[in-house]
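Sequence and computational prediction follow.
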Amino acid sequence: MATKGKAKIEEVMHEFKEGKLKSGGKKKVTSRKQAVAIALSEAREAGAKIPRKGA
C-alpha cells in the first residue's frame, strides 16, 4: 500500500475508534469490517493504488 493510502486508512480508522465515523452521513458505524471497507473506499477515491479484493 502506498503512503497516501496508509494515511487515509489511518485517518478513517481513527474516526471509527473515536465514534465519529458515519455511513452515508447519518448512521454511526459500529462494525470494524464496515469501517475498513469505508477506509479502503475513501483511499481509492483519493487516488491510492489499492487492489480490489481477489476472488
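Done, it's in.

any chance you could map the helices in the chain?
3-18, 32-45 (DSSP state H).

residue ranges with poor pLDDT in the protein?
1-2, 55 (pLDDT under 70).

now the residue minimising distance to the centre of it: how far from Glu10?
Nearest to the mean C-alpha position of the chain, counting by C-alpha atoms, centre = their mean, stands Ala39 at 0.6 Å. Note on Ala39: its distance to Glu10, by C-beta to C-beta, to the nearest Å, is 8 Å. (Glycine included, C-beta is placed from N, CA and C.)

Check Arg52 too.
Applying C-beta to C-beta to Arg52 and Glu10 gives a distance of 21 Å.

what about the two, which has more around it?
Neighbour tally, Arg52 and Glu10, criterion other C-beta atoms under 10 Å: the higher count belongs to Glu10, 12 against 7.

Check the spacing between the more buried one and Glu42 real quick.
11 Å.

Also Glu15?
10 Å.

Same question for Arg32.
The value you get for Arg32 to Glu42, if C-beta to C-beta is used, is 16 Å.

The two: which has the busier surroundings?
Shown here are Arg32 and Glu42; by other C-beta under 10 Å, Glu42 has more neighbours (15 against 11).

Hmm, that one is touching Lys8, no?
Yes. With contact defined as C-beta atoms under 8 Å, Glu42 and Lys8 form a contacting pair (5.7 Å).

For Lys22, list each beta-bridge partner.
Lys28 (DSSP bridges).

from memory it sits against Thr30, does it?
No. Using C-beta under 8 Å, Lys22 makes no contact with Thr30, being 11.1 Å away.

Done for today, thanks.
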